[in-house]
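Chemist: Any chance you can model this:
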Amino acid sequence: MTRPRNTQTPSVQLLLGADWLTICDLSALTPGRGVAALLPDGRQAAVFRDRTGRTYAIDNRDPFSGAAVLSRGLTGSHQGRPFVASPLLKQRFDLESGRCLDDETVTVTTYAVRTHRSSAHTK
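Modeler: Sure thing, here's the model as predicted:
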């Protein structure tokens, strides 16, 4: 007979209002690539993990084109700041502040994000 054991399952969560919403398992995030997550209100978030393991979340909608594509953008850093470049028009968005690095009058929403370990029982 196999006994159940406790494991720690890391998940990525976004703060929406006063509640944390689980988006995906941390293992679903490949460093340098984004994933899109549908939020309860119908909006989308683009969630990223960098090569150091830090996670970020911004609005997935590109404000220049209106398309929900930022999760498909290329990631990088500029002057030590992590960014994603839109795959359509190539504007870069700071992953920490949401500010467009190519047009300071434009920003996208950022979300507080955390990696949360919850207990799960497996056989």
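
Chemist: mind listing the strands for the protein?
Modeler: For the chain, the strands defined by DSSP state E cover 5-16, 19-25, 34-38, 44-49, 55-59, 74-78, 81-85, 92-94, 113-122.

Chemist: My read is that residue 57 contacts residue 49, right?
Modeler: No. The pair residue 57 and residue 49 fails to qualify as a contact (CB atoms under 8 Å) at a distance of 10.3 Å. No exception for glycine: its C-beta is placed from N, CA and C like everyone else's.

Chemist: Can you pick out the residue with more neighbours from these two?
Modeler: residue 57 (26 against 23; other CB atoms under 10 Å).

Chemist: Is it possible to get TSV of the strands of the chain that adds mean pLDDT?
Modeler: Listed next are those as TSV, based on pLDDT from 0 to 100:
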stretch	mean pLDDT
strand 5-16	79
strand 19-25	95
strand 34-38	96
strand 44-49	97
strand 55-59	97
strand 74-78	92
strand 81-85	95
strand 92-94	98
strand 113-122	72
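
Chemist: Residue 68: which of those is closest?
Modeler: Across the strands of the chain, residue 68 has its closest neighbour in strand 44-49 (5.0 Å, CB to CB).

Chemist: which other helices and strands contact that closest one?
Modeler: strand 5-16, strand 19-25, strand 34-38, strand 55-59, strand 81-85 (3 or more CB pairs under 8 Å, 6 or more residues apart in numbering; DSSP states H and E).

Chemist: so how far is that strand from its chain's centroid?
Modeler: Relative to its chain's centre, strand 44-49 lies at 2 Å (CA atoms, centre = their mean, to the nearest Å).

Chemist: Residues touching that strand, excluding its own?
Modeler: Strand 44-49 is contacted from outside by 12, 14, 23-24, 26, 29-31, 33-39, 55-61, 68, 70-71, 73, 75, 82, 84, 95, 111, 113, using CB atoms under 8 Å, 6 or more residues apart in numbering.

Chemist: Of those residues, just the buried ones, PyMOL syntax please.
Modeler: Buried subset of these, written as a PyMOL selection, criterion 16 or more other CB atoms under 10 Å:
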select buried, resi 12+14+23+26+29+34+35+37+39+55+56+57+58+59+60+61+68+70+71+73+75+82+84+95+111+113
